[in-house]
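In: dropping a prediction and its sequence here:
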Amino acid sequence: MSRLELLDGKTWEGVVSAPAGVLMLGKSDCDACNSWTAELQQLLEDPARWPHVRFGKLLLDHAGLVSFKRANPWVAELEVLPFNVLYRNGEKVGEFAGGGGERLAARIE
């Protein structure tokens, strides 16, 4: 089972409200999103890597995301995917566009 949870309109809040969470936003037909997903899943195969962080992926082209989009109106302005948001106890504490394990590590650590 992957530590990268595929989220939907009913489950996204669990990652956002976690003590430490990373939410990856993408779309189904986004090659960069799919590449970043594969890289991130490989990074998370190591159980010692960021065990305190909950990771989730939300596909913006899936139906049922009205509650997420209402709570996060900034999503409508996104120009680059994938987009990653770091949360601590429900507060947005960082963000970056694109992928990259080193970039993610620098923000988590």
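Out: Yep, that arrived.
In: secondary structure element for residue 22?
Out: strand 21-26 (DSSP states H and E).
In: partner strands of that strand, with direction?
Out: strand 54-59 (parallel), strand 83-88 (antiparallel) (DSSP bridges).
In: tell me which of those strands is the most buried.
Out: strand 54-59 (a mean of 22; mean count of other C-beta atoms under 10 Å). Every residue, glycine included, has its C-beta placed from N, CA and C.
In: helix or strand right after that strand?
Out: Assigned by DSSP H and E, the successor of strand 54-59 is helix 66-71.
In: pull the CA atoms of that following helix into CSV?
Out: Written as CSV, here are the backbone C-alpha positions of helix 66-71 (Å, rounded to 0.1, in the frame of the first residue of the first chain):
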residue,chain,number,x,y,z
VAL,A,66,-16.6,21.4,-4.7
SER,A,67,-15.7,21.5,-1.0
PHE,A,68,-12.0,21.6,-1.7
LYS,A,69,-12.3,24.3,-4.4
ARG,A,70,-14.5,26.5,-2.2
ALA,A,71,-12.1,26.2,0.8
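In: what is that helix packed up against?
Out: Counting contacts by 3 or more C-beta pairs under 8 Å, 6 or more residues apart in numbering; DSSP states H and E, helix 66-71 is packed against no other helix or strand.
In: buried residues, that helix. List them.
Out: If you call a residue buried by 16 or more other C-beta atoms under 10 Å, then helix 66-71 has these buried ones: residue 68.
In: the longest helix seen in the chain packs against which elements?
Out: Longest helix in the chain, counting residues (DSSP state H): helix 31-43. With contacts taken as 3+ C-beta pairs under 8 Å, 6+ apart, helix 31-43 sits against strand 4-6, strand 21-26, helix 101-108.
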